[in-house]
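Sharing a model that was predicted from the sequence below.
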Amino acid sequence: MSDKKVNGILFIIAGIGSLVVYMLIGETGLLSKAHTEKIAAYTLVTIPLAFMMTRNVSRNTHIDAGLLMMVIGLSIGLVSDAINSAEISVESTLIGGAIAWTGWSIMYLGYSVTGLGYLRTNLFPSWLSWALVLVSFVMFAFLAILSPEQLENNVDSIVAPLWMLNSLVLVIMGVFTMRRIEEN
């Protein structure tokens, strides 16, 4: 399988993987919360991998900075989810919730910075790079500005639609990545 096909598949998994896990496994109660979070973490790791593979095709400082922010934010978010899903005590849920939104907002800011880097390349059409910049920055802004209580109360009305828009952009990036014509 070619690198660009693997890269495209990683973008598609990054876009729909966690949605599928949370909706099919988490919401149905097939597995415990801890197991669901663990499986979601495996799909979320595809995010920096997909972006990293495009970095190797065309490099610039914005792509590098955004990738670093994604890795940091994803790490914080995954630790937060693991703490939250452990369900050891009320304190673990409070601790997990206290750090979750900061980590996830940093990750989406990283998407946005990377999108700015993509605007300086020919990896994606400029409309797709702008879509990545805009939808991820809006997600970042909501996660960074609203309090944890406001976010928890608006997960279905604000966070979920923005999450799905960001996921859609990643899936489209995956399709474009697989169809990209390699330059020699």
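Perfect, thanks for sending it.

Can you tell me the closest non-neighbouring residue to the one residue sitting closest to the centre of the chain?
For the chain, the residue nearest the mean C-alpha position is residue 47 (5.7 Å; C-alpha atoms, centre = their mean). Of all residues not flanking residue 47 in the chain, residue 14 sits nearest, at 4.4 Å (C-beta to C-beta, 6 or more residues apart in numbering). Any C-beta I mention is one placed from the backbone N, CA and C, and that applies to glycine too.

Checking that neighbour next. Helix, strand or coil?
helix (DSSP: H, G, I helix; E, B strand; the rest coil).

thinking again about what came up before, the residue nearest to the centre of the chain sits in which helix or strand?
helix 46-55 (DSSP states H and E).

and the very next helix or strand once past that helix, what other elements does it pack with?
Following helix 46-55 in sequence order, the next helix or strand is helix 61-86 (DSSP H and E). Helix 61-86 makes packing contacts with helix 33-44, helix 46-55, helix 90-119 when contacts are defined by 3 or more C-beta pairs under 8 Å, 6 or more residues apart in numbering; DSSP states H and E.

what is the orientation angle of the second one with helix 61-86?
When you say that, I think you mean helix 46-55. Taking axes from the mean of the first three to the mean of the last three C-alpha atoms, to 10 degrees, one finds helix 46-55 and helix 61-86 inclined to each other by 170 degrees.

Tell me who's in contact with the residue nearest to residue 70 when sequence neighbours are not counted.
Excluding the flanking residues, the one nearest residue 70 by C-beta to C-beta, 6+ apart is residue 110, at 3.6 Å. Contact partners of residue 110, counting by C-beta atoms under 8 Å, 6 or more residues apart in numbering, are 65, 66, 67, 68, 69, 70, 71, 72, 73.
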